[in-house]
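S.K.: Just to be clear, the model below is a prediction. Sequence and coordinates:
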Amino acid sequence: MVAPAGRPLLADANAGQLARTGAQREPILYASCVDSPHLANKPRVVVAMSGGVDSSVAAYLLHREGYDVIGVTMRLWSADDRAITPDHQGCCSIDDIEDARRVCQTIGIPHYVLNVEREFRAHVIDYFVAEYQRGRTPHPCIACNDRIKFDFLLNRATAMDADFIATGHYARTASAGSGLHRLLRGVDTGKDQSYVLFGLTQRQLSRVLLPVGHHTKAGIRQLAVEAGLHLANKADSQEICFIPQDDYRAFLRDRVTPQRGQLVDTAGRVLGEHPGIEFFTVGQRRRLGVSTGERLFVTRVEADTGRVVLGSEADLIHSGVRVAGVNYIGETEPSGPVRVEAKIRYNARALPATLEPSGTDAVLRFDEPQRAITPGQAAVFYDGDEVIGGGYIEGPEG
């Protein structure tokens, strides 16, 4: 393998940095390197490449701008994992890794594959399972961003002598006059992914590049065609990457021993029995296991009692939302109630609300009542296109 001139090989960079920090060195599964002259006037950037069109074009755009680009694909689970089937339509499969390698070869940049299975299992899969056991509905992509892409990978990028990391997220960053770094929605409102990035800190934002967020999805595909990338028309992944056929219940059954419990109405009357709280989420109407002649929905999941509470659609409607674990992008809590627009699920519209901050907790009061406020999901606050911050929903307020 040939290292880019003026820079050490990845293995050497890892060895030096990790020796200084005392961190455990992650195995490099394999690498494909090309001669890449060191660009003295441009910094090095590590691009997280999933094998999809967005991250591929991110690498292409940065390379075109003259950055010293290294493509890195993180292997999140083993090819022989019994939970993964050959027809899986999520990201990060063996085929996706090969697609990322081919893109790097086309662009003319080095490509490395890092084994991140242990970290992914601890911080994403275990979290996913534990949240359902707590009667909550997790968002694994947020956990992956927080703990893998913008924590683990940023640390590894430092070991690779890189100045920045980049991803294919549809979001933007900007610098304010005060030196603060801002997080903004992507210009393609239909693809905007700023919701899942609310956990970014100022330190992280100072080293993150999001080139895709300045383009529409159609524009990204056209750029892929212009760049001669073989995956220009590759379909977007639709499933959670580690959940085969999007069947999270089957995934959970392989990993937990559910406890049966009671299905009750909002007055506490027993309606039936359920197979485990892990298989229910607020707002759910199907697979309830009981029929009363009325349209029933899951309105609450009680991990402490093991009960699943069913009620009418009206019982799902609330104006207030309790939020915990709040992160403010500017790292300064508002001094009092502030008007915002807020989203309480990924595909929802941001709607007018009043944010009442209280340290790492907050209450959102929407102007119009919201349906199915779901513990474990994220609530994200906006001022126009700018992300103010966000946190995790604890439940309805009041």
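M.R.: Structure received. Numbering: from 1, shown residues only.

S.K.: show me what contacts the nearest residue to residue 395 once chain neighbours are set aside?
M.R.: In space, and not counting its chain neighbours, residue 395 is closest to residue 375: 5.0 Å by C-beta to C-beta, 6 or more residues apart in numbering. Quick note: C-beta positions are derived from backbone N, CA and C, even for glycine. By C-beta atoms under 8 Å, 6 or more residues apart in numbering, the contact list for residue 375 reads 135, 136, 137, 282, 301, 392, 393, 394, 395.

S.K.: Is residue 375 located within a strand, as I assumed?
M.R.: No: residue assignment for residue 375, taken from DSSP: H, G, I helix; E, B strand; the rest coil, gives coil, which places it outside any strand.

S.K.: for the spatially most central residue of the chain, helix, strand, or coil?
M.R.: With distances taken as C-alpha atoms, centre = their mean, residue 141 lies nearest the centre of the chain, 2.7 Å away. Put simply, residue 141 is helix when judged by three-state DSSP.

S.K.: Per-residue pLDDT of it, please?
M.R.: At residue 141, the model reports a pLDDT of 94.

S.K.: Could you report the distance from it to residue 51?
M.R.: When C-beta to C-beta, to the nearest Å is the yardstick, residue 141 and residue 51 sit 16 Å from each other.

S.K.: partners of residue 340 in the sheet?
M.R.: With DSSP bridges as the criterion, residue 340 is bridged to residue 353.

S.K.: who's in contact with it?
M.R.: For residue 340, the set of contacting residues under the criterion of C-beta under 8 Å, 6+ apart consists of 352, 353, 354, 355, 364, 381, 382, 383, 388.

S.K.: Please give the number of neighbouring residues around the nearest residue to the last one once chain neighbours are set aside.
M.R.: Translated: residue 388. The spatially closest residue to residue 388, leaving aside those adjacent along the chain, is residue 381, at 4.3 Å (C-beta to C-beta, 6+ apart). The local packing of residue 381 (other C-beta atoms under 10 Å) involves 27 other residues.

S.K.: same check, this time on residue 268
M.R.: Per other C-beta under 10 Å, the neighbour tally for residue 268 reads 9.

S.K.: For it, grab phi and psi.
M.R.: According to degrees, to the nearest 10, the main-chain angles of residue 268 amount to phi 90, psi 0.

S.K.: pLDDT below threshold where in the stretch 201-350 of the chain?
M.R.: Low-confidence segments of the stretch 201-350 of the chain (pLDDT under 70): none present.

S.K.: mind listing the helices for it?
M.R.: In chain order, the stretch 201-350 of the chain shows helices spanning 202-205, 217-226, 248-253, with DSSP state H, counting those that start in this stretch as the criterion.

S.K.: the domain parsing of the chain - what is it?
M.R.: By the record's domain assignment, the chain is partitioned as 10-169+210-246, 258-311, 317-396 (automatic domain parsing).

S.K.: so which of these gets nearest residue 177?
M.R.: Taking C-beta to C-beta as the criterion, domain 317-396 is the member of the domains of the chain that comes nearest to residue 177, at 12.7 Å.

S.K.: Now do the same for residue 194: its pLDDT.
M.R.: According to the model's per-residue confidence, residue 194 sits at a pLDDT of 98.

S.K.: Go ahead and confirm it touches residue 185.
M.R.: Yes: here residue 194 reaches residue 185: they are 4.9 Å apart, a contact under C-beta atoms under 8 Å.

S.K.: between the two, what contacts are shared?
M.R.: Common neighbours of residue 194 and residue 185 (criterion: C-beta under 8 Å, 6+ apart): 171, 387.

S.K.: and those two? which has more neighbours close in?
M.R.: Here residue 194 and residue 185 are compared on neighbour count by other C-beta under 10 Å; more neighbours surround residue 194, at 26 against 21.

S.K.: any idea how far that one is from residue 277?
M.R.: According to C-beta to C-beta, residue 194 stands 31 Å off from residue 277.

S.K.: Check the secondary structure at residue 104 for me.
M.R.: Using three-state DSSP as the criterion, the local structure at residue 104 reads helix.

S.K.: partners of the nearest residue to it once chain neighbours are set aside in the sheet?
M.R.: Among residues not flanking residue 104 along the chain, residue 111 sits closest, at 3.6 Å (C-beta to C-beta, 6+ apart). Residue 111 forms beta bridges with residue 32, residue 71, as assigned by DSSP bridges.

S.K.: Residue 111 contacts residue 56, correct?
M.R.: No: under the criterion of C-beta under 8 Å, residue 111 is not in contact with residue 56, lying 11.1 Å apart.

S.K.: what residues do those two have in common as contacts?
M.R.: With C-beta under 8 Å, 6+ apart as the test, residue 111 and residue 56 both reach 49, 100.
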